[in-house]
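Peer 1: Could you look at this predicted model? Sequence included:
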Amino acid sequence: MASNASLQLDGSRARVVGVLDRDAVVSLWPTLKALPAAVTELDLTAVTRVDSAGLALLAELTAQARSNGRTLVLNGTPAGFNELSAAYRLAPSLDFNAPSAAS
């Protein structure tokens with residue numbers, strides 16, 4: 001099934017639109033992994049739903065930013081985000097290693 005998700009870059013903001021699922025991850029990954037360093041915000045307000053593959057993508061993007069000394073702020077909480085984050089014991093920053101992730 002083809003993804004209906006899209007990505008819009010606007011200065012320091014990258015806006016994801018649609019469903020962030022496995023199909024979207026496959027189609028958006030090449031662009032997202034090469035986000036310019038100037039992008040500091042990932043806008044999820046137009047994402048209608050996220051699945052575990054989408055959450056894994058977001059966690060990887062935030063981890064890449066941290067490893068490069070940057071912070072990637074997530075704006076918006078699509079359906080499924082909070083439940084999956086809690087199930088995978090992720091901190092609000094989507095960091096597996098943060099102290100609050102294990103609580």
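Peer 2: Cool, got the structure. The model shown is predicted, which means the values in this text are computed figures rather than measured ones. Numbers count the residues shown, from 1 in each chain.

Peer 1: Can you say which helix or strand has residue 8 in it?
Peer 2: Using DSSP states H and E, residue 8 falls within strand 6-10.

Peer 1: where in the chain is pLDDT low?
Peer 2: Counting by pLDDT under 70, the chain contains low-confidence residues at 1-2, 96-103.

Peer 1: for it, what spans make up the helices?
Peer 2: All helices of the chain, identified by DSSP state H, fall at 22-32, 52-67, 81-87.

Peer 1: does the residue lying closest to residue 28 once chain neighbours are set aside have beta-bridge partners, and which?
Peer 2: Taking CB to CB, 6 or more residues apart in numbering as the measure, residue 28 lies nearest to residue 7, with 5.6 Å between them; neighbours along the chain are not counted. C-beta here means a position set from N, CA and C on the backbone, and glycine is covered the same way. For residue 7, the beta-bridge partners are residue 16 (DSSP bridges).

Peer 1: circling back to that earlier point, residues of the strand holding residue 8 that come out buried?
Peer 2: Within strand 6-10, the residues that qualify as buried are residue 7, counting by 16 or more other CB atoms under 10 Å.

Peer 1: Can you name the residues in contact with it?
Peer 2: If you take CB atoms under 8 Å, 6 or more residues apart in numbering as the criterion, strand 6-10 is touched by 14, 15, 16, 17, 18, 28, 31, 32, 35, 36, 39.

Peer 1: got a list of what the spatially closest residue to the fourth one that is not a sequence neighbour touches?
Peer 2: It stands for residue 17. Leaving out its chain neighbours, the residue that sits closest to residue 17 by CB to CB, 6+ apart is residue 46, at 4.2 Å. Contacts were defined as CB under 8 Å, 6+ apart; by that measure residue 46 touches 15, 16, 17, 18, 76.

Peer 1: Any chance you could list what contacts stretch 51-60?
Peer 2: When contacts are taken as CB under 8 Å, 6+ apart, the neighbours of stretch 51-60 outside the stretch itself are 19-22, 24-25, 28-29, 32, 42, 44, 47, 50, 74, 80-81, 84-85, 88, 90, 94-96.
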